[in-house]
Structure formats: C-alpha cells, structure tokens
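Undergrad: give me a model of this one.
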Amino acid sequence: MRSLSLVLALLLAWPALAVEHAVAPGEGGLANAIAGAAPGDVLRLGDGVHIGPVIIDRSLTLTGTRAAVIDGQGQGTVVTIAAPDVTLRGFAVTGSGMVNKDLNAGVKILKGADRAQVLGLRLTENMHGIDVHGGRDARVIGNEITGTRDTRMNERGNGVYVWNSPGTVVQGNVIRYGRDGIFSNTSADSFYRDNLFRDLRFAVHFMYTRNTEVSGNISIGNHLGFAIMYSDRTVIRDNLSLGDREHGLMLNYANNADVSGNLIRGGAAKCLFIYNAHKNLIWENRFQDCGIGIHFTAGSERNVLTDNAFIGNREQVKYVGTRHVEWSHEGRGNFWSDHPGFDLNGDGIADGVYRPNDLMDHILWSQPAAALLTGSPAVQLIRWSQQSFPATLPGGVQDSAPLMRPLTIPVPPEIEAYEAEVAGRWTEGNYDDIDLNDLATH
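TA: Residues are numbered from 1 along each chain as shown. Prediction:
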C-alpha cells in the first residue's frame, strides 16, 4: 500500500506531456498561440513573417527555421520573455524599435524570467540584439547578431546587453556592427566564451562586473578589443585581439584579474593599457606589433607580469611614474624582442637586466616638443651615459630575468583571413565619432 501511494503521488505530480502547436505566419497568430498554450508547450513557427511584438508570459518553447521571422514592425522589443524556463530556438528576429534609452531589443529577458535559453537565432535590424535584463542563469548560445550601422557609433545598440543577471552564459555567438559586442553592466558570476566580434566599438565591455570569465573570444578590427572597467575578479583567458584600433586589452580600475594566454597583435595604438588597476596577474600573453606594448599609469600597484612576450612594438613600455617596478616573478621575467641578451649558462634566462625606458623617454612623454632634439649629440650623450652607468637611470620598469625565447599563440587560418581583411584599416581615418581615451564616456 505504501508503494502504491508513492506511485500515485508521483503520477499526480507529473506535469502533463508537452503539446506541440504549429503556428502559421501572419498577424496575430503568434500572440494568440502564446495566449492559448499551456506551460511546457512547444510552438513551432511556420516559415514566413510572424507579426510582433509579443510577450511570452509562460514557460514555452518557440522553435523554427531561419525562414520563420518574428518582425516587431519597429515597435519596442520584438520578443519579451517574462516567465521562467522559456526557450527560443532557430528562427529570425527583426524590426525592434530604435529608441536606445528604452533599450528596445530583438529579445529581452526580464527579471524573474530565469533560465531562459536563446539558441541559434538570427537577429538583424534591432537596436539591441539580446537584452538580458535581470533574468538569472540565461543561456545565449550560437546566435548570429548583426547590429545597426548608423554613422554615430555611440548611438547604436549592443549585440548582447547583460544587466544585473547573475549566471549568464554568452557563448559561440557571431556579433557584427552595432556599438559593443557584449556590454556587461552591474552583473556577476557569468561566462562569455568563444564569441566572434567584428566591426564594433568594443568587443567586450565591462562596467561594475565581478567574478566573470572572458575566454576564447576573438576580436577583429574593432575600435577596442576587451575593456574591463571598474570590475573585480575577472578571468581573461585565451582571447585574440587582431587589428583592433586603440587598445587590445584595457584594465581601467580593474582589480584581481587573471590575464593569461591572450594574443594581441597589430593595429592597436596600445596592446595593453593599465590605468589605476591593482593586484592583477598578467602571464603567458603575447603583445605584438602595436604602437606601445604596455602603457602603465595612474598609480597601478601590486601587479605581476611574467612569462609574457613583447614583440615588435614601436615602444615596448610606457611607464608614467617614478617608482621602481620589477616585472619578473620567482626568477622568470618576460621576453623582449629588442633586448640583446646573452644566456651563457643556457637556462633560458638572459644574463642582463632589461630596462625599457630612460630619462629621455620620461622627458619626451611630458614634453612632446622635445622630440625635435632626439637626434642631437646632447641627447645621445645622455642615453649613452645611462646605458654605461645604470645607477643614473630614473625610477621605472625593470625586468631582472628576461626570457630568451617568446611563447607562441596560434591563430586558425580562417581567423587570419579575417585579420588580413582589416589590415591597414586605421590608417584611413575611419574613427567614427568616439574618443576612446576619454574614459568618462565609456
């Protein structure tokens, strides 16, 4: 009897089997199908145009091919998810409103709409692609998001906007045009992995974000690759920044980050820009072919740099400060392509200390007009004296254990083809309307 009672209880608690409904295209059909569906049902969208906007207020699955299109007709957000456990899969979404301050979007996930899944959609002609706005544990995976191309980049929307939505996973998306690829604001405990970003302002942009991973992403030809601002405990691992304009990676008021395995190559004015950022571990990255390899300023302290490679940058280090800073850790420093070091004992560590900057560098940073004197005998005498008598060098960066060999980070051939397409882009003055050095505008 006890076993029978248990079986009956389980049967009564078991939800009704999900029912699949075919939804024909046209006006009102999708909204009516949502209103008539029971939680757990599947709505299969027929090919053609389904007129929106629509609000999903119960746990449903909407699925279809890319030929099935939900069109918002330029009104607000096209698909609003207002219930937990909703899945959108496979179809196309277009035609949101274009009011940026209202966060009009192709898909919006509201607070309380937890565990939403947005999988394999094509989103075009929307202000923001997907707005995760308070829902927890969202999954945004495998979508193709093409933003607007208005002249003023700062007035465009983001590919994926994440606001106060812990547990979000944004993975395997292709995001092109618009403002920022992913903008994470006041959020935490999330994962942004294996996304491809092209032709944007920032590929990934963090503001007040904590305990979040950015890994395996590719940024190509954007104004800035990865901007980590006012954030804590970010893991930035195995990303590529190729041909980005201003910075490949920026740490601005970013603390306790783990930065490793990243390749920043070509185009950028600065491969790595560190501004008032503290206690960051920066290791096994490759910074190559930038105007400045690393610009380090505004009192940034207690950062560890080791096992990185600085290759072919016009200026390897720009350190604005007077303190002595050591860039080696536990007997291992970094590789510097301009360091003519020797390794007599064959341990892989150069026998001489590397110092990237001298007194004249500091003068030129503070007094740019002094560049006219760079080739003068007086300047050459000062530089020779400092090389011959290191005790006369000013405070600044030194690497006491520079490496003899650089690490390599491979780039897939198809990604190298994209990189080749943007080569030389920023010499043509295609800068839109933004000033990336004005940190207050971010």
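
Undergrad: how many residues are close by residue 79?
TA: By other Cβ atoms under 10 Å, 28 other residues sit near residue 79. No exception for glycine: its C-beta is placed from N, CA and C like everyone else's.

Undergrad: from memory it sits against residue 92, does it?
TA: No. Look at residue 79 against residue 92 with Cβ atoms under 8 Å: they stay out of range, at 11.1 Å.

Undergrad: joint contacts of these two?
TA: Counting by Cβ atoms under 8 Å, 6 or more residues apart in numbering, the common neighbours of residue 79 and residue 92 are residue 70.

Undergrad: what is the end-to-end distance of stretch 99-119?
TA: This stretch, stretch 99-119, spans 25 Å end to end (Cα to Cα, to the nearest Å).

Undergrad: state the mean pLDDT of that stretch.
TA: Throughout stretch 99-119, pLDDT has a mean value of 97.

Undergrad: off-centre distance for it?
TA: Distance of stretch 99-119 from the chain centroid (Cα atoms, centre = their mean, to the nearest Å) equals 20 Å.

Undergrad: any buried residues in that stretch, and which?
TA: Going by neighbour count (16 or more other Cβ atoms under 10 Å), the buried part of stretch 99-119 is 100, 103-110, 113-118.

Undergrad: so what's the backbone phi/psi at residue 29?
TA: phi -70, psi -40 (degrees, to the nearest 10).

Undergrad: who's in contact with the closest residue to it other than its chain neighbours?
TA: Closest residue to residue 29 apart from its sequence neighbours, by Cβ to Cβ, 6 or more residues apart in numbering: residue 23 at 5.7 Å. With contacts defined as Cβ under 8 Å, 6+ apart, the neighbours of residue 23 are 29-30, 33, 43-46, 50.

Undergrad: quick one: which helix or strand includes the residue nearest to residue 242 when sequence neighbours are not counted?
TA: Nearest non-adjacent residue to residue 242, counting by Cβ to Cβ, 6+ apart: residue 419, 4.3 Å away. In this assignment (DSSP states H and E), residue 419 forms part of helix 413-422.

Undergrad: rewinding a little: and the contacts of residue 23, which of them are buried?
TA: Looks like the contacts of residue 23 have 29-30, 33, 43-45, 50 buried, using 16+ other Cβ under 10 Å.

Undergrad: need those in TSV (columns: pLDDT, secondary structure and distance to residue 307).
TA: Formatted as TSV, the buried ones among the contacts of residue 23 follow (pLDDT from 0 to 100; DSSP: H, G, I helix; E, B strand; the rest coil; distance: Cβ to Cβ, whole Å):
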residue	pLDDT	secondary structure	distance to residue 307
29	95	helix	59
30	98	helix	54
33	97	helix	57
43	98	strand	52
44	98	strand	52
45	98	strand	51
50	98	strand	53
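
Undergrad: so which of the contacts of residue 23 comes closest to residue 336?
TA: residue 45 (57.2 Å; Cβ to Cβ).

Undergrad: is that closest one in a bridge, and if so with what?
TA: Beta bridges link residue 45 to residue 23 when assigned by DSSP bridges.

Undergrad: cool, and the one 10 residues further on?
TA: Beta-bridge partners of residue 55, counted by DSSP bridges, are residue 80.

Undergrad: tell me the contacts of it?
TA: Counting by Cβ under 8 Å, 6+ apart, residue 55 touches 34, 80, 82.
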